[in-house]
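> Just need the structure, nothing else, for what follows:
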Amino acid sequence: MAKARSVGVAMDYSATSKSALKWAIENLIAEGDRIVIIHVVSPKADPTNKQLFEDTGSPLIPLVEFREMDVCKKYGLTPDPEVLDMLDTVSRQKKAVVVAKVYWGDARDKICDAVDHLKLHSLVLGSRGLGVLKRVLLGSVSNYVVQNATCPVTVVKEPSKR
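Numbers count the residues shown, from 1 in each chain. Coordinates of the predicted model:
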């Protein structure tokens, strides 16, 4: 069996980040791999645990704890049933180890920091598909991460609306 890998998936509960998770599960995750769900919360949010972990991000949160509403609230998150179902399924079917990590700040910088801190082999994130003007004004998180992350990055585009 190949050595287990650590695969990060950036998650903000948008349709594109859910598509990225689904794509990673279907195309990238192998038996025994570790999936790290990376959340970047606005620096303006002030949940209970922010002061403890603002500089380094939260400790790794195992899936069993991540399912608990109280734990999520401490980090300023609202659990998403669809995401939890996908994570439960991949954990069971592929024996993947699922953990979450929460950061506060600019998503571009924090996702790149996570790649290094967590020694990720690969990163998957969604693309919101901003138009040219918005991308110039706001900057694209996915574009920045592709240019600056120290591991391979897969960008999953927004599912087409049929």
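
> Flag the shaky bits of this protein, pLDDT-wise.
By pLDDT under 70, the low-scoring segments of the chain are 1-2, 128-139, 159-162.

> Let me see the ranges of the strands in the protein.
6-10, 34-41, 61-62, 97-104, 122-127, 153-157 (DSSP state E).

> Touching the fifth one from outside, list them.
Which is strand 122-127. With contact meaning Cβ atoms under 8 Å, 6 or more residues apart in numbering, strand 122-127 is reached by 5, 7-10, 14-21, 23-24, 28, 111, 115, 140-142, 145, 149, 151-158. In short, each C-beta sits where N, CA and C put it, glycine included.

> Please report how far D70 lies from D106.
With distances taken as Cβ to Cβ, to the nearest Å, D70 is found 27 Å from D106.

> Of those two, which one has the most company?
Set D70 next to D106 and count neighbours by other Cβ atoms under 10 Å: D106 wins out with 16 against 8.

> so who does the more buried one touch?
D106 neighbours (Cβ under 8 Å, 6+ apart): 40, 43.

> do V102 as well
By Cβ under 8 Å, 6+ apart, the neighbours of V102 are 39-41, 49, 53, 57-58, 61, 75-77.

> Going by neighbour count, which of those comes out on top?
Using other Cβ under 10 Å as the neighbour criterion, H39 leads these with 25 neighbours.

> In this structure it contacts A100, no?
Yes: in this structure H39 lies within contact range of A100 using Cβ atoms under 8 Å: 6.5 Å.

> Need the residues touching each of these two.
Taking Cβ under 8 Å, 6+ apart as the criterion, H39 and A100 both touch M11.

> before we move on, the earlier item: as TSV, the strands of the chain with distance to T89 would be great.
Putting the strands of the chain into TSV (distance: least, Cβ to Cβ, whole Å) gives the following:
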stretch	distance to T89
strand 6-10	14
strand 34-41	12
strand 61-62	16
strand 97-104	10
strand 122-127	17
strand 153-157	18
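
> Using PDB, write down the CA coordinates of stretch 37-54.
Extracted C-alpha coordinates of stretch 37-54, given in PDB (Å, rounded to 0.1, in the frame of the first residue of the first chain):
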ATOM      1  CA  ILE A  37     -10.600  20.500   6.200                       C
ATOM      2  CA  ILE A  38      -9.200  24.100   6.300                       C
ATOM      3  CA  HIS A  39     -11.500  26.800   7.500                       C
ATOM      4  CA  VAL A  40     -10.500  30.500   7.400                       C
ATOM      5  CA  VAL A  41     -12.800  32.600   9.500                       C
ATOM      6  CA  SER A  42     -12.900  36.400   9.200                       C
ATOM      7  CA  PRO A  43     -10.500  38.200  11.500                       C
ATOM      8  CA  LYS A  44     -13.500  40.200  12.700                       C
ATOM      9  CA  ALA A  45     -15.200  37.100  14.100                       C
ATOM     10  CA  ASP A  46     -14.500  36.700  17.800                       C
ATOM     11  CA  PRO A  47     -15.500  33.200  18.900                       C
ATOM     12  CA  THR A  48     -14.400  31.800  22.300                       C
ATOM     13  CA  ASN A  49     -11.200  30.000  21.100                       C
ATOM     14  CA  LYS A  50      -9.900  32.700  18.800                       C
ATOM     15  CA  GLN A  51      -7.700  34.400  21.400                       C
ATOM     16  CA  LEU A  52      -6.000  31.100  22.200                       C
ATOM     17  CA  PHE A  53      -5.300  30.100  18.600                       C
ATOM     18  CA  GLU A  54      -5.300  33.300  16.500                       C
END
